[in-house]
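> Sharing a model prediction with you, sequence too.
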Amino acid sequence: MGARGAIVGVVVVGVLAGGAVVVDRVLHAEAEQRIAGELQDEIPGLATEPDVTVHGFPFLTQVLAGELGAVDVTAPEATVQDLVLEDVVVRLEQVSTSRPTTAGSARMTAYAPLDQLTAALDLPLDLVIEGDRLVASTQLLGLPLEVLLVPTAGGDAVLVDVDGLRLAGATVSASDLPSALTEQLEGLEVPIDGLPEGLELTDLTLDEGGAQLVAEGTDVVLTAEGAG
């Protein structure tokens, strides 16, 4: 083959390779859009279509292998049970390309504002955040009464335990409270059982405005059998 033929061959290979990249990117973008639409339809609580980013290149080899290495899903807001969550970010790994859609592992972070926690707890008391505790305020015989509550991650719920009580500035620990009082406050929780199967609430951190939640899981099911 002469020099001219070699050059033509290189150009043809380059064009074919470039075309393959273009096709790969087009299919990649279409897949992200399709996944976003499916998630909105099949995961309760998503009011708007989430943003989806499928990582890894080339995309076609992942599809042929039947598994996407990593997928990020973000949404400004989602409602789980009766709790409105903000800034929802989900990292999915080992995502199946067949139905039902599953992920080998998943991790979600989301923010629950204080007003949403208050509404979900349905307490007839004012709530504020003090360090790692919620403080519920009311009046008892004209004196300021504060119930100190500690929220924790409980799998399918935010569990809220009584840590103590402050009456007119004096603090009493939970173990010293009358049982009649603690029994009335036992069992407080915010159910979060609308998460996809396999995903559980594992961590909760309070700040001045609300709670940062973390949910994690393996073998997470993102769609139901026969959906779609």
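Perfect, I can see it now.

> for Ala103, what are its contacts?
Applying CB atoms under 8 Å, 6 or more residues apart in numbering, one finds that Ala103 lies in contact with 71, 92-96, 219-220, 222. For glycine as for every other residue, the C-beta is placed from the backbone atoms N, C-alpha and C.

> same thing but 10 Å
Applying CB atoms under 10 Å, 6 or more residues apart in numbering to Ala103 gives the contacts 67-68, 70-71, 90-96, 196, 198-199, 217-222.

> Arg166 now?
Residues touching Arg166, when contacts are defined by CB under 10 Å, 6+ apart, comprise 135, 137, 144-148, 172.

> Secondary structure for those - can I get that in CSV?
Conversion of those to CSV gives the following (DSSP: H, G, I helix; E, B strand; the rest coil):
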residue, secondary structure
Val135, strand
Ser137, strand
Pro144, strand
Leu145, strand
Glu146, strand
Val147, strand
Leu148, strand
Val172, strand
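
> By neighbours, which of these wins?
Going through the contacts of Arg166 with other CB atoms under 10 Å as the criterion, the one with the most neighbours is Val147, at 24 neighbours.

> Do I have it right that that residue meets Leu125?
Yes: using CB atoms under 10 Å, Val147 is in contact with Leu125, at 7.2 Å.

> so what sits against both of the two?
Taking CB under 10 Å, 6+ apart as the criterion, Val147 and Leu125 both touch 134-138.

> Turn those residues into a markdown table, columns for distance to Leu114.
As requested, the shared contacts of Val147 and Leu125 are arranged in a markdown table below (distance: CB to CB, whole Å):
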| residue | distance to Leu114 |
| --- | --- |
| Leu134 | 8 |
| Val135 | 11 |
| Ala136 | 12 |
| Ser137 | 13 |
| Thr138 | 17 |
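
> Pick the one among these closest to Leu85.
Proximity of the shared contacts of Val147 and Leu125 to Leu85, judged by CB to CB, is greatest for Leu134, which lies at 17.4 Å.

> Report pLDDT for that closest one.
According to the predicted model, the pLDDT of Leu134 comes to 92.

> which residues does it bridge with?
Taking DSSP bridges, one finds Ile129, Leu149 as the beta-bridge partners of Leu134.

> Check the gap between it and Gln116 for me.
Summarising the geometry, the distance separating Leu134 from Gln116, computed by CB to CB, to the nearest Å, is 13 Å.

> Give me the more crowded residue out of these two.
More crowded of Leu134 and Gln116, by other CB under 10 Å: Leu134, with 25 against 19.

> Please verify my assumption that that one contacts Ala112.
No: taking contact to mean CB under 10 Å, the distance of 11.7 Å between Leu134 and Ala112 leaves them out of contact.

> okay, and the common contacts of these two?
Counting by CB under 10 Å, 6+ apart, the contacts common to Leu134 and Ala112 are 151, 206, 211.

> what's the second one sitting at in phi/psi?
As for Leu206, its main-chain torsions (degrees, to the nearest 10) stand at phi -90, psi 150.

> before we move on, back to that, which among the contacts of Ala103 end up buried?
Members of the contacts of Ala103 that pass the buried threshold by neighbour count (16 or more other CB atoms under 10 Å) are listed as 67-68, 70-71, 90-96, 196, 198-199, 217, 220-222.

> Flag the shaky bits of the protein, pLDDT-wise.
Low-confidence segments of the chain, defined by pLDDT under 70, are located at 1-21, 23-24, 26-27, 41-44, 174-186, 223-228.

> in it, which residue is closest to the centre?
Met108 (3.5 Å; CA atoms, centre = their mean).

> Provide a list of residues in contact with the residue nearest to Gly66 when sequence neighbours are not counted.
Spatially, and ignoring its direct neighbours in sequence, Gly66 is nearest to Thr97 (5.4 Å; CB to CB, 6 or more residues apart in numbering). Applying CB under 10 Å, 6+ apart to Thr97 gives the contacts 31, 35, 62-68.
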